[in-house]
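**Student:** How does the following fold in three dimensions:
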Amino acid sequence: MLMAIFDTDRSGTINFTEFAGLWKYISDWQNVFRHFDRDRSGSIEGRELSEALKSFGYSLSPHLLTLVEQKYSSEPVAHGYGPPPGITFDRFVRACVTVKTLTEAFQKVDTDRDGWIQISYDQFMQIILSAP
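**Tutor:** Sure, this is the predicted structure:
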């Protein structure tokens, strides 16, 4: 996903300048992740996720927050091996990018900004399939 974003010349590879942009992007996201991982567990959970998304301007309902957390959380740890419970760094970036992308796609269709849209199945599928 990130390679496609930073392959600005669409060559299928990234050159040094594109890589430098990717590196800065990842570094910036790491700082954001560390800021919201208040308990220093190595993962983002419940309240931390809510605070992060609110700081980005996304006020999701408790139900949607739960869905995001469930979709992007790591699998439960078996026998003490694997990532901590919650959303790990790479999944946190994916979750935030997805929320941003879907929100922007919705806003393009919500021309009167009332939080409601009426779209066809084809339009819905185009929105979803264009998301990361």
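
**Student:** any idea which element residue 99 lies in?
**Tutor:** Assigned by DSSP states H and E, residue 99 belongs to helix 89-109.

**Student:** what's the angle from the following helix or strand past that helix to helix 89-109?
**Tutor:** Scanning forward in sequence from helix 89-109 by DSSP H and E, the next helix or strand is helix 121-129. Taking axes from the mean of the first three to the mean of the last three Cα atoms, to 10 degrees, one finds helix 121-129 and helix 89-109 inclined to each other by 150 degrees.

**Student:** where does residue 29 land on pLDDT?
**Tutor:** pLDDT recorded at residue 29 is 90.

**Student:** Any idea how many residues pack against the residue nearest to it when sequence neighbours are not counted?
**Tutor:** Nearest in space to residue 29, with sequence neighbours left out and distances taken as Cβ to Cβ, 6 or more residues apart in numbering, is residue 93 at 5.1 Å. Using the backbone N, CA and C atoms, a C-beta is placed for each residue, glycine as well. Neighbours of residue 93 under the rule other Cβ atoms under 10 Å: 21.

**Student:** Lovely, talk soon.
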